[in-house]
Structures are given as C-alpha cells and as structure tokens.
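everything below, folded, please.
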Amino acid sequence: MCPFLALPYGESVKKMAYHKVNADQRTQGQYLDSDDLQATALELEWDMEKELEEPGFDHFRLDGAVQQDLGNSQSPDLDLEPIQPSASPKGRFQRLQEDPEYISHYTRQSPKSHRCSFFQILKVFCAALILFIFGIVIGYYAGKKCPSPPASPEPNNPHIYHEILKEIKAENIQQIYRDVLQSPREDDVDAAMRILLQWTSHGLEDVRLVNYSVLLDLPGSSSNTITLKNSGECFYPDGQQCSKVTRTLHSQDLLYSYAAYSAKGTLEAELVDIQYGTIEDLIRIQTTTNVTKKIALLKLGQSPLLYKLSLLEDAGFGGVLLYVDPCDLPKTTDLAEKAFMVSLNSGGDPSTPGYASIDGSYRQNRLNLTTLLVQPISAVLAKKLTSIPENRIQKDKCVPLQLSSTDKKIINLSIQSVTTYKTISNVIGYLKGSVFPDRYVIIGSHHSSLNTYGGQEWASSTAIITAFIQALMLKVKRGWRTDRTIVFCSWGGTSFGNIGSYEWAEDLKRVLQRNVVAYVSLHNPVRGNSTLHPIASPSLQQLAAESQNINCVEKMKCPGSNVSSVQTQGDSDYFINHLGVPAMQFSYEDINTSENSSFVSEALFPMHATRTEELDPSFKLHENIAKFSGYATLQIANEPVLPFNALDIALEIQNSLRVFLGEEVDASQLLAVASRLRDTAELFQSDEMRPANDPRERAPIRVRMLNDVLQSLEKSFLVQQAPPGLYSV
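As a prediction, this is how the structure comes out:
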C-alpha cells in the first residue's frame, strides 16, 4: 500500500479531486484497460471517503468530484499538474485543480450537535414524568370509585367462637357415642383406626396413626383370690365366695379386678388396718405393731396411690388390700359391690423408662414395678374383713370402715397376671395455625381396649372430641383458621399408666417442650351428673371460669362452681409434670371434692352399656363439656395474647405456703419471698399484659416475646424427682 500525500492545512478547500497514479505505470509506461481504470476509480472514491472521515479531516467538506474515465496514464487528454507526492496508506495521489463545475456524489454530513442530544433526553424525561403522574391520578380516582372488599372479622371475634360451638349438638354426640359402642370388641390398633377414619371423614386432613410396642401387664386366666384363714373362707375381689358359681353376667369384671404391674405370687400374713396410709397413720401403727411382711388394708383417697405405696414399701409391708370406703363413694352409685382396677405404673412403657419405645430402644427387664402384692377389693369384701357390728351402721350418717385393734386376722393373698408386649396406637390430628403454626394447643381424649373397664368413659371422651372436630371443620371449610395449631389426640394404653401419651411426648420431648402452649383434657368427662368439677393450672383458672359462662346469654344464669387446682389424673400427666405445660379439664361428678375423695378416681370401675345413658340420657352434659372445652381451646389457639394469668400463679403459691406452713417462725422468710413474687406478678400484669391487649399498642414482635414469657411461666416451677404420683410442678 502507498502512503498518503500530505494535505495542506489553512484555508478550507471547497472542492478537491484526487487522481491515483500508479508509480510503476508511470515509470514502466504500461497501459491499463478501461475496466481496470474504472475499478480503480471506484476504489479511490471509497478510500477517500474513509480517509476524510479521519479526525484530522473534520474541517474539510467535499462538495463534489467528477469521475473521469482514465483510458491510460499517457492519454493526451489528461492535463496533469505535477505535485509533490506525500505518503498515504492507500497509495500515491495526485492533487487536481479545483473545478467549479465538479459535483461530488459523496457528501459527508456534519457531526450531530451535543445540544440536540440534550434536548432529546429532556423530551424523553418529560414524557416519562407526565406518564407517571397520569398513572398516579388514574389509580387514585379508580381506587375511590371501586368499593373495597369487606374487611374480614377479627380472628378473635367471640361471635366466631359461638358460631362454631353452636354446631356442637347433643344428638350428634349421642350418635357418635352409639356408633363407637356398636363396634365389636377390638384391640387397640383397630379402635384407633376407626377413630382416624371418623376424624378424616369430618374434614381433618392431617391425621396420623402412631404405634408403639410396649410392655403390658394383663390379667391371668383365673381371678385372684383372698382367703380368710380364721374361717377358711375364700373370696374373689368383688366379695363373692370362691366355692359358689360365679355370676356369668359381666364375668370379665373379676379377671380385670387387679393391680397392673403388681408383684406376683402368694403371701400369707396378718392384716393391718392403716386407713388412708398417711405418714401419721404409719407412725401410729408402727409404734404398736411390727409391720414387716404384713398385709396392709388401705383406703384410696387423700393422696396419690403410688405415693402411699412407696411409703408402705419403705416401711416393710409385703402386700396391700386396696378398697374405696363407702363414705367416699357417691350415694347415687352402686359401686360398693364392685371391685376395680388400678395401675401401679407411674407413666409410659415400663421397659423404657424416660425414653420412647421406638425401634432400636433398649428394653429393661421390669416385670414388676413394686415388691408389694397389691389387690383391689370391693367395699363389700372390706366390710366382711373388718367385721363391723350392726349397731355401728347408722342410716343417716356414714361411718368409715375400720378394723378393730383387738381383731387379728390372717389373710392368704394369691395374685397372678401375665406380662407381655403389645402394640398400642395413638391417633394424632393437626389443624395447622395460620399465624403461629409452631405453637401447639393440644386437646386430648383416650381410647381403651380393656373390654368393659372404663369403656363408657372412653366412648364419651371420643364422642366429645369428634363432635368438636366436626363443628370446627365446618368453619375451616369456609376459609377460617385459628392462629395457632390445634393438635387433636386420642391416646392408647391409658388404663395401664398413660402409656400412649408418655411415649409420644418422650419421642418428641424437645419439640413439645418448646412449642406446646396448653393442654385441654377430656379424660373421663361424665362420671356423675350432679356437679361440674373444673380443674385448671393456676395460670388458666380465669379462663376455666370464663369458659363456664358461655351459656349465660341463653340461660340468663351462670354456674357457680369454683375452679380447683388439685392434681388431675389422665394423659395430661406428662405434659404437666415433665414439660411444665398448663392444663385444664372439665368433668361432671357426683363425688364431693373433699380431701378424702380427691384421688378416688384412680380406681377404674367397670362401666357398662347403660351406665352413661343413665347418668346423661339427653347427652346435654356431654354437650356442655364439649362447649366448655372447645371454647377454652379456641381462646388459647386464637387470642393474640395468650389468656394466661401470672398473678394467679403467685397467689396460688402464697396461699399454699400459708396453709402448709401456718404460723411457723422459720416460714417468715419464705412467705416474704412469696409476697415479693406476688408484687412482681402484679407489676407484670399492669405494665406488660394490659398494653399488649390493646390493639392500638400491639406490636407483633412485642406480643411474640410476651407470649413466650407467658408460655414458660409454669415451667419455672418444675420440681426434679418429685415423690411418686405427686405433682412435679
């Protein structure tokens, strides 16, 4: 390629033309044909336009150029003016003279103005701004004209609770109850599967069957016997003589009149009357009698059975005859002639104490949970053993049974049972919460496979929880949900020591301890028909009292029963005593809530098909229990601030200390601490609880923190290694 010719700078040139001359052609004198010259001319014009676009040529403007037909370099028509060549990348060029008539076919436009670019950007910006403002105006007026959708009611609106509870009807509960009883006798797994299908049919989607293989102590092939050596008479636990033909009606009752997990064998020893087996009773007896390997005659009541048995075992007794004093039984019942069943299991699978009975768990060999031979007997047999004279029996006043101190009786006690592994099943259903799905409110019933023992009670419990699910799911299907998750549970193995609830809770202990808010129990809801007996943890006592008043608007009167904080029995035990979860329970009873009768419900009397319908023929009592329990469950599951009362906990502690300690001098410091706890609780109620209950001051994070504190209140009072059968909280 040839170098460019140097172009002069100075005046602007209006028209210029260049003619490319090949140096070799001029020196050698060779000729180019016309086609080659034309192609060369086109190359020249293209190359020149590219050259003029270089930055150094911006001040030139080409108006025109005449394309000349160059025949050859030596044509006489060409008037070439010699010029000084300069180097150019395209070759050598010859500058031509200006031709005023020259017209260029290639013009170069001047570069765009920066000012023009600025105005174009400004135009685009203004157009976008106008469109944005116009959109805001349209949206504003469109929003004013379109009616807004109606606001959904508050999730804690009491009207919603009443709409749900209105669907709970006595006839529905009665129908569910009869359906349960009409099914043939089944084992625990079959009964649980029927409940699962019922819950699923009512719309509860997440329902699971959880199985555990556990160690059960079942009755033997023949009934246990009690023989009075003084007269040679042999008795069955209900008082029938062994020589006579047993009644075929309810013959299974005799087999199930036993103490599960008792020691097995035979013991012949003197009978010692220790009344209720309190520490005072034991001190009184031991001052006059050697009780080693003797048989104790013990009444149920006043304190938990397992606690009293632990005292007797420590004292050296070898056996126990257990009964319920007729004075502690309700007058409306005929339980005096019936024996009963008890379980000596403190809770859970005895072969896996403290951990769940899942695959791979280590099994301990614990066939007996006590060294005592324990046998429940009826009150009729207890009268025969005590030989009460007729002149001591008063018609208007009940005289407690008592063995004469001068009457010495030798008893031969024979106990047999079969220990084996069985599968029990829990039915667990979940209604997931919409706001706090990680907070659980548990409502629990139980099912039983112990033939007639507790059969009607578990059928009542199952019917009530199923009716509540049915009513609740009608509202859920219309789009409503509770804020917190409700967990519906039907436990298996309750009669043997709350095995199903213990195993499930031990399996999920960490999750439940962190997430469970409260437990609502439906354990044995209708045991009588005279008195409503609500029991609640201290923090839930106000809610339990409020739940009883849901029918006040209709009936214009409210029940006057007081809420008790005595220890509850049933499947709530693990949640209360091991997890520190507040619990409540509603039940109808005939027994006065006296000190002596507070633990009589530990006895499982046989219940038959007609008993429950005799107590509640219209099933209105079942309906009331379902509504009371359902209202409390909805309140806990749906209120933004948990309906717990910290002040009631402090008051319960203070009052209990005053009762137990009395005027002891050493108790002054402890009472002072309880008084400061009460002052702190009052301050917490006024400064934290009241503002949080005001929707205008309710910050979500603050409410969540407050609920976590309320949820953990009773966990602070858990007692490690509490005496058997007693509260751990």
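
so, low pLDDT: which residues of the stretch 51-200 of the chain?
Residues of the stretch 51-200 of the chain that meet the criterion pLDDT under 70 lie in 51-116, 141-157, 183-186.

repeat the analysis, applying 50 as the threshold.
Under the criterion pLDDT under 50, the flagged ranges of the stretch 51-200 of the chain are 51-110, 112, 145-155.

same deal with the stretch 351-500 of the chain?
Along the stretch 351-500 of the chain, segments meeting pLDDT under 50 span 391, 452, 454.

which residue ranges of it form strands?
Secondary structure of the stretch 351-500 of the chain, counting by DSSP state E, counting those that start in this stretch: strands at 373-376, 410-415, 417-431, 436-446, 484-491.

of these, which is nearest Thr352?
Thr352 sits nearest to strand 417-431 of all the strands of the stretch 351-500 of the chain, at 11.3 Å, using CB to CB. For every residue, glycine as well, the C-beta is placed using N, CA and C.

for my notes, confirm Leu209 occurs in a strand.
Yes: counting by DSSP: H, G, I helix; E, B strand; the rest coil, Leu209 falls inside a strand.

for Ile576, which non-adjacent residue is spatially closest?
Leaving out its chain neighbours, the residue that sits closest to Ile576 by CB to CB, 6 or more residues apart in numbering is Ala583, at 5.2 Å.

who does the one you found form a beta bridge with?
Tyr519 (DSSP bridges).

Val207 versus that one, what's the distance?
Using CB to CB, to the nearest Å, we find Ala583 at a distance of 23 Å from Val207.

in contact with Ile649: list those residues for me.
Contacts for Ile649 (CB atoms under 8 Å, 6 or more residues apart in numbering) come out as Pro538, Ser539, Ala681, Leu713, Glu714, Phe717.

could you name the helices and strands sitting against the longest helix that the chain contains?
Using DSSP state H, we find that the single longest helix of the chain is helix 114-145. Where contact means 3 or more CB pairs under 8 Å, 6 or more residues apart in numbering; DSSP states H and E, helix 114-145 is not packed against any helix or strand.

start to end distance for stretch 234-242?
5 Å (CA to CA, to the nearest Å).

can you list contacts of it?
The contact list for stretch 234-242 (CB under 8 Å, 6+ apart) reads 223-228, 233, 243, 246-247, 253-254, 257-258, 337-339, 375-378, 380-381, 384.

for the helix or strand just after the longest helix of the chain, packing partners?
Where DSSP states H and E defines the elements, the next helix or strand beyond helix 114-145 is helix 158-166. Identification of packing neighbours for helix 158-166 by 3+ CB pairs under 8 Å, 6+ apart yields helix 455-476, helix 620-638.

in the shortest one, what counts as buried?
Meaning helix 620-638. For helix 620-638, a neighbour-count test (16 or more other CB atoms under 10 Å) marks 621-638 as buried.

which strand residues bridge the most centrally placed residue in the chain?
Among the residues of the chain, the one closest to the centroid is Tyr440, at 2.5 Å (CA atoms, centre = their mean). Beta-bridge partners for Tyr440, by DSSP bridges, are Thr485, Val516.

OK, contacts around Ser262?
Ser262 sits next to Asp217, Leu344, Asn368, Leu369, Thr370, Leu372, Leu373, Val374, Gln375, Ile415, Ser417 when contact means CB under 8 Å, 6+ apart.

residue contacts, the closest residue in space to the third one that isn't next to it in sequence?
Leaving aside its sequence neighbours, Asn368 sits nearest to Ala263 (CB to CB, 6+ apart; 4.7 Å). By CB under 8 Å, 6+ apart, the contact list for Ala263 reads Asn368, Thr370, Thr371, Leu372, Leu373, Val374, Ile415.

so Ala263: helix, strand or coil?
Going by three-state DSSP, the secondary structure assigned to Ala263 is coil.

quick check on it: phi, psi?
When read as degrees, to the nearest 10, the backbone of Ala263 gives phi -70, psi 150.

make residue 1 into 14 and carry on from there
Got it, the first residue is 14 from now on, which makes the last one we talked about Ala276.

now do it against Phe330, distance only.
Separation of Ala276 from Phe330 (CB to CB): 12 Å.

identify the contacts common to those two.
Leu385.

from what I can see Lys522 touches Val594, true?
No: the pair Lys522 / Val594 is not scored as a contact, 11.7 Å apart, by CB atoms under 8 Å.

how much space between Leu324 and Val304?
For Leu324, the distance to Val304 equals 11 Å [CB to CB].

oh sorry, the question was meant for Asn658
Relative to Val304, and taking CB to CB, Asn658 is found at 46 Å.

do the same with Thr581
32 Å.

okay, buried residues for whatever helix or strand Leu295 lives in please.
Using DSSP H and E, Leu295 sits in helix 292-299. Neighbour counts using 16+ other CB under 10 Å place Asp294, Leu295, Ile298 of helix 292-299 among the buried residues.

want to throw the residues you listed into JSON lines with distance to Gly361 and pLDDT?
Converted to JSON lines, the buried residues of helix 292-299 look like this (distance: CB to CB, whole Å; pLDDT from 0 to 100):
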{"residue": "Asp294", "distance to Gly361": "30", "pLDDT": "91"}
{"residue": "Leu295", "distance to Gly361": "29", "pLDDT": "92"}
{"residue": "Ile298", "distance to Gly361": "33", "pLDDT": "91"}
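
show me where the stretch 214-363 of the chain has its helices.
Under the criterion DSSP state H, counting those that start in this stretch, the stretch 214-363 of the chain carries helices at the ranges 265-268, 292-299, 318-328.

save those helices as a markdown table, and put in distance to Glu281 too.
As requested, the helices of the stretch 214-363 of the chain are exported to a markdown table (distance: least, CB to CB, whole Å):
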| stretch | distance to Glu281 |
| --- | --- |
| helix 265-268 | 22 |
| helix 292-299 | 20 |
| helix 318-328 | 18 |
